[in-house]
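just need the structure, nothing else, for what follows:
(one chain, ligands or ions: 3)
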Amino acid sequence: MATQTTGIKVTGPMRPEYDTILTQEALRFIDRLERTFGQRRIELLNKRNARQKDFDRGERPDFLEETRKIREGNWQIAPLPKDLLDRRVEITGPASDRKMVINALNSGAKFFMADLEDAMSPSWDNVIQAQINLRDAIRKTISFVNEKGKRYQLKDNCSGLMARPRGWHMIEKNVRINEVPVSGSLLDFGLFFFHNVRQLIENGTAPYYYLPKLESHLEARLWNDVFAYSEQYAGIPNGTIKATVLLETIPAAFEMDEILYELRDHSAGLNCGRWDYIFSYIKKFRNQKDIILPDRSEVTMTVPFMRAYALLAIKTCHRRKAPAIGGMAAQIPVKGNDKLNEEAFAKVEADKQREANDGHDGTWVAHPGLVPVALKIFDRDMPEPNQIEKKSLEDIRITAEQLLAVPVGHITESGVRENISVGIQYIASWLRGNGAAPINHLMEDAATAEISRAQMWQWIRHPKGVLEDGRKVTVELYKQIRAEEMQKLKQQFGETGFVSGKFEEAAGLFDELTLSDDFADFLTLPGYARL
Ligand SMILES: CC(=O)SCCNC(=O)CCNC(=O)[C@H](O)C(C)(C)COP(=O)(O)OP(=O)(O)OC[C@H]1O[C@@H](n2cnc3c(N)ncnc32)[C@H](O)[C@@H]1OP(=O)(O)O
Ligand SMILES: O=CC(=O)O
Ligand SMILES: [Mg+2]
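Ligands and ions are numbered 1, 2, ... in the order given. The predicted model follows:
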């Protein structure tokens with residue numbers, strides 16, 4: 001690989017093994033990426049801000065006139081490599097948790113999406129431990145011994161691997177060039193690529209990624225250019241890297257074709273990231289007087305705007321011969337309560353059944369116990385490796401109005417309580433270094449917590465933020481319910497657990513996110529300053 005002296009510096013602590021990831025050569029590559037692409041990243045983030053101002057003035061997104069030719073053209077993505085043809089079940093989990101990485105790869109899922117994004121709190125130790133874990137997993141040397149002496153290692157036939165780097169908005173403050181933090185996305189992508197590209201190719205696969213939170217095809221173009229540059233740097237053919245874009249923001253829903261087109265040499269399709277998508281709907285339209293969402297529990301995949309987006313993703317992908325992967329049901333197994341457990345499994349099953357019927361080519365699960373549930377449905381209803389040829393959805397037409405349709409529903413006191421309590425509990429977990437948390441028997445990650453805090457912000461300020469019993473959601477009501485919910489948490493966790501669990505700190509951040517008139521783009525931005 002090329003050499004060049006650099007001004008890149010690691011300012012985070014170096015613990016055992018960190019020097020095997022943060023090598024001079026790897027840092028040189030990150031330096032090249034940052035110097036080549038860093039400025040474009042900032043410009044694209046500025047474009048997001050400008051677009052938000054349009055939405056705040058009442059504008060609604062629509063399909064772009066300037067890219068009509070791409071939407072109407074007859075092109076396809078490059079043929080998929082053999083191991084990406086069948087993705088019927090993918091399991092996800094934080095890449096920093098060594099035991100979980102092994103369990104995920106042994107789970108029977110086709111792929112493990114190793115998360116360096118919303119299921120992983122980006123503490124320095126998590127960021128580097130994740131890279132150590134993935135490097136060892138790819139070389140099949142990974143092992144783990146738990147407190148009882150149980151040894152974990154990989155089975156012979158384990159899942160394929162995909163990595164999800166942080167989104168374009170995140171920085172890595174512990175690696176700097178001329179004192180300026182590098183992009184979290186480029187660091188995560190780059191370290192994984194640098195250390196594993198050769199080994200992955202030797203294993204008969206390649207570097208595969210999931211790309212989160214894209215808001216436009218120009219952001220996809222930036223990723224594509226990063227991929228092409230990296231392939232050249234490593235001396236491997238263009239198109240070796242493959243990436244699945246998480247279709248999880250409202251503006252991106254209007255640019256599905258364009259995103260696939262930009263990445264056509266590197267595309268492995270789209271995934272319906274439902275939780276961020278709901279968050280994006282609230283965030284983008286938070287200042288529009290006719291748009292408001294009901295309780296989080298009522299915004300399911302069957303409400304019209306969510307349904308429209310999933311169907312459009314399948315239709316668009318299949319027209320371009322790309323896979324359309326489904327999303328994550330929040331239910332996880334419930335230990336020690338058969339009835340609740342059965343209900344949770346039934347909900348996941350219904351979700352996966354809907355996805356298979358609609359034409360998705362595979363789906364996500366949050367827990368190894370759910371792999372068989374999703375497998376059973378896709379094995380039965382998708383005997384072929386995918387449904388790209390079978391489900392064109394040609395007769396379905398999705399309009400801009402359908403993508404934006406405001407769902408009807410209720411805002412309730414229990415919805416307010418749940419948002420406050422779950423939001424604070426999740427942020428506390430995140431501040432403790434754990435970005436995926438089971439709360440009230442549901443999987444919570446940064447995206448689900450974003451919904452909770454964004455709803456509170458909007459309900460307080462929006463004229464229609466009124467409870468079904470007629471009370472307006474106000475700052476006073478928020479403060480009263482927050483105090484009551486904090487009291488409950490104190491009782492539940494005890495005085496010591498409450499203090500060590502960082503609940504006060506989390507509530508402070510939740511207050512800031514809810515009460516400040518400036519809506520924070522992501523909770524992980526002020527959160528990261530506290531890590
Ligand atoms: C909106 C989005 O971005 S979705 C994608 C991001 N979200 C995620 O990736 C969440 C992934 N899921 C998880 O992290 C976990 O399942 C949680 C946090 C929700 C629940 O975790 P736990 O409470 O530890 O689950 P539980 O106690 O049932 O674990 C039982 C076993 O399953 C394993 N396990 C649980 N979830 C996973 C997983 N996703 N991958 C691999 N193994 C897992 C545990 O390691 C544990 O193993 P052990 O029996 O060998 O000790
Ligand atoms: O990343 C997945 C989501 O639902 O958000
Ligand atoms: Mg997401």
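
contact partners for the residue of the chain positioned farthest from its centre?
Distance from the centre of the chain peaks at residue 470, with 35.6 Å (Cα atoms, centre = their mean). If you count contacts by Cβ atoms under 8 Å, 6 or more residues apart in numbering, residue 470 has none. Every C-beta, even on glycine, is put in place using the N, C-alpha and C of the backbone.

the stretch 1-150 of the chain against ligand 1: which residues are in contact?
91-94, 99-100, 103-104, 107, 115, 118-119 (Cβ under 6 Å from any ligand atom).

go again using 5 Å as the cut-off
92-93, 100, 103-104, 115, 118-119 (Cβ under 5 Å from any ligand atom).

can you list contacts of whichever strand or helix holds residue 252?
Residue 252 is part of helix 250-253 when elements are defined by DSSP states H and E. The contact list for helix 250-253, computed with Cβ under 8 Å, 6+ apart, reads 51, 61, 214-216, 245, 247, 259, 277, 280-281, 284-285, 309, 312-313, 403-404.

number of nearby residues for whichever residue of the stretch 301-450 of the chain sits closest to ligand 2?
The minimum distance from the stretch 301-450 of the chain to ligand 2, using Cβ to the nearest ligand atom, falls at residue 447 (3.8 Å). Neighbour count of residue 447, defined by other Cβ atoms under 10 Å: 25.

ditto for residue 376
Counted with other Cβ under 10 Å, residue 376 comes out at 14.

could you work out the most separated pair of the residues of the stretch 1-150 of the chain next to ligand 1?
103 and 118 (19.2 Å; Cβ to Cβ).

please identify which of those two sits among more neighbours.
Neighbour totals were compared for residue 103 and residue 118, and residue 118 leads with 31 against 17 (other Cβ under 10 Å).

nearest residue to the more buried one other than its sequence neighbours?
residue 446 (3.9 Å; Cβ to Cβ, 6 or more residues apart in numbering).

now do residue 370
Per Cβ to Cβ, 6+ apart, closest to residue 370 is residue 348, 5.5 Å.

ok but the one you found is inside a helix, no?
Yes - the assignment for residue 348 (DSSP: H, G, I helix; E, B strand; the rest coil) places it in a helix.

report the contact partners of it.
Neighbours of residue 348 in contact, by Cβ under 8 Å, 6+ apart: 329, 331, 365, 370, 373-374.

in those residues, which residue is surrounded by the most others?
residue 365 (29 neighbours).

that one reaches residue 108, doesn't it?
No - judged on Cβ atoms under 8 Å, residue 365 makes no contact with residue 108 at a distance of 10.3 Å.

on that earlier part again, please see if the helix holding residue 252 touches ligand 3.
No - legend: contact between helix 250-253 and ligand 3 by Cβ under 5 Å from the ion is lacking; minimum distance shown is 11.5 Å.

same question, stretch 437-455
Yes - Stretch 437-455 comes into contact with ligand 3 (Cβ under 5 Å from the ion), by way of residue 447.

check which helix or strand covers the residue of the stretch 301-450 of the chain closest to ligand 2.
Per DSSP H and E: helix 446-461 holds residue 447.

which helices and strands sit right next to that helix?
Using 3 or more Cβ pairs under 8 Å, 6 or more residues apart in numbering; DSSP states H and E, the elements in contact with helix 446-461 are helix 274-284, helix 413-431, helix 475-500, helix 503-515.

got the angle for that helix vs helix 475-500?
For helix 446-461 against helix 475-500, the angle by axes from the mean of the first three to the mean of the last three Cα atoms, to 10 degrees is 150 degrees.

pLDDT on helix 446-461, on average?
Throughout helix 446-461, pLDDT has a mean value of 98.

now do it against helix 274-284, angle only.
30 degrees.

how about helix 446-461, does it get close to ligand 1?
Yes - Helix 446-461 reaches ligand 1 (Cβ under 5 Å from any ligand atom) through residue 447.

spatially nearest residue to the residue of the stretch 301-450 of the chain found nearest ligand 1 (excluding sequence neighbours)?
In the stretch 301-450 of the chain, the residue that lies nearest ligand 1 is residue 436 (3.2 Å; Cβ to the nearest ligand atom). Of all residues not flanking residue 436 in the chain, residue 119 sits nearest, at 3.9 Å (Cβ to Cβ, 6+ apart).

what parts of this structure come near ligand 2?
248, 273-276, 447.

tell me the one of these nearest residue 15?
Nearest member of those to residue 15, counting by Cβ to Cβ, is residue 447, at 29.3 Å.

let me see the domain layout of the protein.
16-402, 411-529 (automatic domain parsing).

and the closest residue to residue 355 other than its chain neighbours, what is it in contact with?
Distances taken as Cβ to Cβ, 6+ apart place residue 326 nearest to residue 355, at 3.7 Å, with adjacent residues excluded. By Cβ under 8 Å, 6+ apart, residue 326 lies in contact with 271-272, 310, 351-352, 355, 360, 362-364.

let's see 6 Å
272, 355, 360, 363 (Cβ atoms under 6 Å, 6 or more residues apart in numbering).

is the first one in a bridge, and if so with what?
I take that to be residue 272. residue 247 (DSSP bridges).

repeat for the last one
Partner residues in beta bridges with residue 363, using DSSP bridges, are residue 89.

that one - how many residues pack around it?
So residue 363, with other Cβ under 10 Å, has 29 neighbours.

any figure for the gap between it and residue 92?
11 Å (Cβ to Cβ, to the nearest Å).

with the third one instead?
Residue 360 sits 16 Å away from residue 92, taking Cβ to Cβ as the criterion.

for this structure, which spans come out with low pLDDT?
1-6 (pLDDT under 70).

which bits of it sit near ligand 3?
248, 273, 276, 447.

what's near enough to touch the nearest residue to the second one once chain neighbours are set aside?
For residue 273, the nearest residue in space outside its immediate sequence neighbours is residue 248; the separation is 3.0 Å by Cβ to Cβ, 6+ apart. By Cβ under 6 Å, 6+ apart, the contact set of residue 248 is 273, 276-277.

residue 248 and residue 306, how far apart?
The separation that residue 248 has from residue 306, given Cβ to Cβ, amounts to 12 Å.

what is the nearest of the residues of the chain next to ligand 3 to residue 380?
residue 273 (25.6 Å).

wait, the closest one touches residue 246, no?
Yes - assessed by Cβ atoms under 6 Å, residue 273 is found in contact with residue 246 at 3.9 Å.

distance of the closest residue to the residue of the stretch 301-450 of the chain closest to ligand 2 other than its chain neighbours from residue 232?
With Cβ to Cβ, 6+ apart as the criterion, residue 447 has its nearest non-adjacent residue at 3.8 Å, and that residue is residue 275. In this view, residue 275 and residue 232 are 35 Å apart by Cβ to Cβ.

with that, I have no additional questions.
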